[in-house]
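Q: can't give you the sequence, but here's the structure:
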């Protein structure tokens, strides 16, 4: 990519990480409308173009559960695994977040069209 | 290879925050790692070598980093608190620096140690007290960060408290420096720090005239009132009425005290500790003459300051009347 060839490569990377940080929470909540355990969730995110470090995913899941947005349980499936799914409160918050996400996305599109 | 994994997850466990369900967290991380390892081995069609396993562990993350992500706070001082932290830190360090430099300057001028001995001591104090106070400020703000200070403060502040544009014309450091110098004076006057009286020269010692002991409390009260005035001027510039009253009262009080001091006619006594009596008397007369001139100059300056305060008070009252 052109930006990685220039001195702005580091800056782009920093901004990209900032941009992705909020989006990852939304992506995790969206993906957990179906029950999954950590590894399959990470694979799904990666396959969807949103890779996340293993060491970052599990603490995020714990935090979202502590906030009441996720529910979890340990279950035997080959090995003992912790399965997560969206809680009723999480579903409500996710719906609001998705509306907000769409508004932001539409605003950015409108702004970029206006300045082109 | 199990030994390596045991050591890795044990390192994470030891660094997890106290009170967290460590067994549960480690079990989940271990399962996540096992799935990752299974996946990698399935794609290779063989078991991982020790080196590949080590690479996979590195990919999973440093134990301190992985464990720290389970902490409720990911930073010591966040972006909302940082502007307040930075401002307070600057002020505290500046006031401490001003006090130490002022104390060292007075000690070098009037004390019994030469400047080349005072300077390294002052530099040492600057580092020591600077470091200790920076640590204390950081600790206080780290606690405030956890107690939700920024949200609370940002909800309560009022734009009406912002200073007038004209108030901003004062130097950025004028307020803290005035406060620091007044503090130094109070510390000296109350005997917490001692110079220059009692200082010695070749064969003589300087002592204050009795008038200073008589005026101890009036001067202390006046200096304290001036400190309050300086603090208001610095931290609450919109309190113009209170500031004006304090400014006028302290300037008028200072002039009254100066008149009493002037009437004493003698302000310093030279006690001979070896020099001839004639010489001590002559030195005392010279010093008192210098002080007489200094009192006249100070009297003129304070009179102008008093008139200035009065003018500001009248101007402020007129401005408020016009706005009403």
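A: Looks like it came in fine. None of the values given here were measured: they were computed from a predicted structure. Residues are numbered from 1 along each chain as shown, chains lettered A, B, ... in the order given.
Q: please make it C-alpha for all contacts and neighbour counts, starting now.
A: Fine.
Q: which parts of the stretch 1-150 of chain B sit against chain A?
A: B:28-29, B:31-32, B:35-36, B:59-61, B:65-66, B:69-70 (CA under 8 Å from any CA of the partner chain).
Q: tell me the one of those residues nearest residue B:271?
A: Nearest to residue B:271 out of these is residue B:65 (CA to CA; 69.7 Å).
Q: so for that closest one, what pLDDT did the model give?
A: Note on residue B:65: pLDDT of 89.
Q: helices or strands next to the helix or strand residue A:55 falls within in the packing?
A: Using DSSP states H and E, residue A:55 maps to helix A:54-66. Judged by 3 or more CA pairs under 8 Å, 6 or more residues apart in numbering or on different chains; DSSP states H and E, helix A:54-66 is in contact with helix A:38-47, strand A:70-77, helix B:22-44, helix B:63-68.
Q: any chance of a markdown table for these, columns mean neighbour count and distance to residue B:99?
A: Below are these laid out as a markdown table (neighbours: other CA atoms under 10 Å in any protein chain shown; distance: least, CA to CA, whole Å):
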| stretch | mean neighbour count | distance to residue B:99 |
| --- | --- | --- |
| helix A:38-47 | 17 | 58 |
| strand A:70-77 | 14 | 56 |
| helix B:22-44 | 16 | 50 |
| helix B:63-68 | 19 | 40 |
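Q: longest helix anywhere in chain B?
A: Longest helix of chain B, by residue count under DSSP state H: helix B:277-323.
Q: hmm, back to that, reformat the helices and strands packed on helix A:54-66 as JSON lines; add distance to residue B:285.
A: What follows is these, written out as JSON lines (distance: least, CA to CA, whole Å):
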{"stretch": "helix A:38-47", "distance to residue B:285": "90"}
{"stretch": "strand A:70-77", "distance to residue B:285": "87"}
{"stretch": "helix B:22-44", "distance to residue B:285": "81"}
{"stretch": "helix B:63-68", "distance to residue B:285": "72"}
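Q: and the ones you listed: which comes nearest residue B:312?
A: When the helices and strands packed on helix A:54-66 are compared (using CA to CA), the closest one is helix B:63-68, at 56.4 Å.
Q: the closest one: what's the following helix or strand?
A: Following helix B:63-68 in sequence, per DSSP H and E, is helix B:82-110.
Q: in what element of secondary structure is residue B:260 found?
A: With DSSP H and E as the test, residue B:260 turns up in helix B:240-264.
Q: buried ones in that helix?
A: B:240, B:242-244, B:246-255, B:257-258, B:261-262 (16 or more other CA atoms under 10 Å in any protein chain shown).
Q: what does stretch B:295-303 give?
A: B:295, B:299, B:302, B:303.
Q: could you do stretch B:11-20 as well?
A: Buried-residue list, stretch B:11-20, by 16+ other CA under 10 Å: B:11, B:12, B:13, B:15, B:16.
Q: contacting residues around it?
A: B:22, B:23, B:26, B:63, B:64, B:66, B:67, B:68, B:70, B:71 (CA atoms under 8 Å, 6 or more residues apart in numbering or on different chains).
Q: list, one by one, the residues from chain A near chain B.
A: A:38-39, A:53-56, A:58-59, A:62-63, A:79-82.
Q: report the closest residue of the stretch 101-250 of chain B relative to chain A.
A: residue B:146 (16.8 Å; CA to the nearest CA).
Q: related to what we said a few turns ago, let me see the mean pLDDT of the helix holding residue B:260.
A: On average, helix B:240-264 scores 84.
Q: next, the angle from that helix to helix B:277-323.
A: 160 degrees (axes from the mean of the first three to the mean of the last three CA atoms, to 10 degrees).
Q: centre of the chain to helix B:240-264, how far?
A: Per CA atoms, centre = their mean, to the nearest Å, the displacement of helix B:240-264 from the mean C-alpha position of its chain is 27 Å.
Q: run through the neighbouring helices and strands of it.
A: Against helix B:240-264 (3+ CA pairs under 8 Å, 6+ apart) you get helix B:216-235, helix B:277-323.
Q: these: lowest mean pLDDT?
A: helix B:277-323 (a mean of 80).
Q: could you name the helices and strands sitting against it?
A: Using 3+ CA pairs under 8 Å, 6+ apart, helix B:277-323 sits against helix B:240-264, strand B:268-272.
Q: how about residues contacting the last one?
A: Contacts of strand B:268-272 from elsewhere in the structure, counted by CA under 8 Å, 6+ apart, are B:203-209, B:280-281, B:283-284, B:287-288.
Q: could I get the residues you listed as JSON lines with neighbour count?
A: Formatted as JSON lines, the contacts of strand B:268-272 follow (neighbours: other CA atoms under 10 Å in any protein chain shown):
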{"residue": "B:203", "neighbour count": "12"}
{"residue": "B:204", "neighbour count": "20"}
{"residue": "B:205", "neighbour count": "18"}
{"residue": "B:206", "neighbour count": "18"}
{"residue": "B:207", "neighbour count": "16"}
{"residue": "B:208", "neighbour count": "15"}
{"residue": "B:209", "neighbour count": "15"}
{"residue": "B:280", "neighbour count": "20"}
{"residue": "B:281", "neighbour count": "15"}
{"residue": "B:283", "neighbour count": "15"}
{"residue": "B:284", "neighbour count": "19"}
{"residue": "B:287", "neighbour count": "16"}
{"residue": "B:288", "neighbour count": "17"}
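Q: about what we covered before: would JSON lines of the buried residues of stretch B:11-20 with secondary structure and pLDDT be doable?
A: Converted to JSON lines, the buried residues of stretch B:11-20 look like this (DSSP: H, G, I helix; E, B strand; the rest coil; pLDDT from 0 to 100):
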{"residue": "B:11", "secondary structure": "helix", "pLDDT": "93"}
{"residue": "B:12", "secondary structure": "helix", "pLDDT": "92"}
{"residue": "B:13", "secondary structure": "helix", "pLDDT": "92"}
{"residue": "B:15", "secondary structure": "helix", "pLDDT": "90"}
{"residue": "B:16", "secondary structure": "coil", "pLDDT": "90"}
